[in-house]
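Chemist: Using only what follows, build the 3D model:
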Amino acid sequence: MKRSYVGFSLLYTFSFMALGSFMPLIGQYLAFIGFSGTQIGTITAAGTCVAIFAGAFWGKVYDGSKNKYLLIMLLCLAASLIAVSLLAIRWYPLFLLLYGCMYFFQAPVMPLSDSLTLEESLPFSRIRKWGAVGFALGVFGSGRLAAMIGLETIFWFYSICFFLSALLLMLMTGSRGSVRQSVRQKKTGSYRMLLRDKRLMQLILCTFFVGGTNVANNTYFSFLYIEGGGTIAGVGIVMLLMVGSEAPFMQWSARLAGRFSLEKTILGAIGVSVIRFFIYSLEPSYIILALLFFMQGAVNGIILVEFVRYVNLLAPSGHEGMAVAMYYALGSNGSAIVCQLIGGAALDRFGPGGVYFFFAAFNLIGLILYLIFGLQKKSKKEREKRLTEGKKFG
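Modeler: Residues are numbered from 1 along each chain as shown. The predicted structure follows:
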């Protein structure tokens, strides 16, 4: 158990460190090599679009795999290699193509890691916080290196981190006593069956109006911060504080859910997200943006953990992994496509403030739907499942 906890914690640390080193500054890099705001939005949205289909494809492969650790390891290696090749590309169509290929292998790593962690009956919220720690370290490290050496370093940082993730998975696969041997193959099901689950689909629809803005924020925050008088090096420091604040909130999320209920805790986090992005839309100075760093933790630190737990509670028993994959595909990646595309167009026409006004309005729709659907209340199905499986997701 202890060995598994350490191994999974390191996996989340390295894989999210790769994302943290790359996502916040990819927009700045694309602008540096001459791409327009619309092209930046198209490239980042294309990667997320690929992620939807990649999640469904690799989710099916994962269900039938005899060695799930090896599968995730190969995905990490492929993403690592393609990232390095992007450094030589300056032609927009080819960059768009290879970026999509990279996402085809990168995007499933996170949902499959979540599914594997849940299958292993490990404490999800305690392990998932290391993803926030890794992301924060990646943001800080790549920001410093980009300021000193150049924006090209984000690709090397990303590649090395995913290579370390693959190496770790190889060691976990080959180690004796690995809990890999205890993972049971669950019966396969149909995505169509999940689509017929009304309450599950209502939750995923709400996540559509919440999850994508938090993903797109990683691309557009640097523009807002620099517009407010900050620097690229400052982006790394502030993003370190912002993402680092997610870890304690992830640690506290189980306590908050225990006191206020999981459903109401999510409701509160969505409300904070609406307020946060509305403040951002006013284009405050970089100092105010830095002082409000903790608001990201209050949003992402809860949503990234509790939405996954909520999806698992609503999913039919034995099909939680498919439900998580659907949540990432439709509720997160599908939403991110819309936010990246509209965000890029808004950046060209209205500047960073327009981008974040759209984000605030988008989140507000999700908040209203959450209340209309009554998702802040426990259903009978959820109460019964908590009694039998609640300890698994602590």
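
Chemist: what's the distance between whichever strand or helix holds residue 29 and the middle of its chain?
Modeler: Taking DSSP states H and E as the criterion, residue 29 maps to helix 2-32. Its chain's C-alpha centre lies 10 Å from the corresponding centre of helix 2-32 when counted by Cα atoms, centre = their mean, to the nearest Å.

Chemist: tell me the mean pLDDT over that helix?
Modeler: The average pLDDT within helix 2-32 is 85.

Chemist: for stretch 325-340, same thing?
Modeler: 82.

Chemist: Spell out which residues sit in contact with the closest residue in space to residue 139 that isn't next to it in sequence, please.
Modeler: Nearest residue to residue 139, sequence neighbours excluded (Cβ to Cβ, 6 or more residues apart in numbering): residue 239, at 3.9 Å. Bear in mind the C-beta positions are built from the backbone N, C-alpha and C, glycine included. Counting by Cβ atoms under 8 Å, 6 or more residues apart in numbering, residue 239 touches 20, 24, 136, 139-140, 143, 221.

Chemist: before we move on, the earlier item: quick one: list the elements packing against the helix holding residue 29.
Modeler: Here helix 2-32 is seen to pack against helix 37-64, helix 68-85, helix 109-119, helix 124-148, helix 153-174, helix 211-227, helix 232-244 when contacts are counted using 3 or more Cβ pairs under 8 Å, 6 or more residues apart in numbering; DSSP states H and E.

Chemist: Can you tell me how far the most centrally placed residue in the chain is from residue 336?
Modeler: Closest to where the C-alpha atoms of the chain average out (Cα atoms, centre = their mean) is residue 215, at 6.5 Å. Distance from residue 215 to residue 336, counting by Cβ to Cβ, to the nearest Å: 4 Å.

Chemist: which residues are in contact with both of the two?
Modeler: residue 48.

Chemist: what's the pLDDT at residue 195?
Modeler: In this prediction, residue 195 has a pLDDT value of 76.

Chemist: Just want the phi and psi numbers for the residue nearest to it when sequence neighbours are not counted.
Modeler: Nearest-residue entry for residue 195: residue 201, 6.4 Å, with adjacent residues in sequence omitted and distances by Cβ to Cβ, 6+ apart. In terms of degrees, to the nearest 10, the main-chain angles of residue 201 are phi -70, psi -30.

Chemist: Please apply the same query to the one 5 residues further on.
Modeler: For residue 206, the backbone dihedrals are phi -60, psi -40 (criterion: degrees, to the nearest 10).

Chemist: residues near it, how many?
Modeler: 26 (other Cβ atoms under 10 Å).

Chemist: distance of it from residue 52?
Modeler: 18 Å.

Chemist: got any ranges where the stretch 201-350 of the chain has weak pLDDT?
Modeler: The model of the stretch 201-350 of the chain has pLDDT under 70 over residues 318-319, 321.

Chemist: Strands of that one, residue ranges please.
Modeler: Taking DSSP state E, counting those that start in this stretch, the stretch 201-350 of the chain contains no strands at all.

Chemist: Next up, the contacts around the closest residue in space to residue 19 that isn't next to it in sequence.
Modeler: Once flanking residues are discounted, residue 19 sits nearest to residue 135: 6.0 Å by Cβ to Cβ, 6+ apart. Residues near residue 135 by Cβ under 8 Å, 6+ apart: 16-17, 19-20, 243, 246.

Chemist: try residue 31
Modeler: Residue 31 touches 37, 40, counting by Cβ under 8 Å, 6+ apart.

Chemist: repeat for residue 132
Modeler: So residue 132 contacts 16, 243-244, 246-247, 250, 300-301, 304 (Cβ under 8 Å, 6+ apart).
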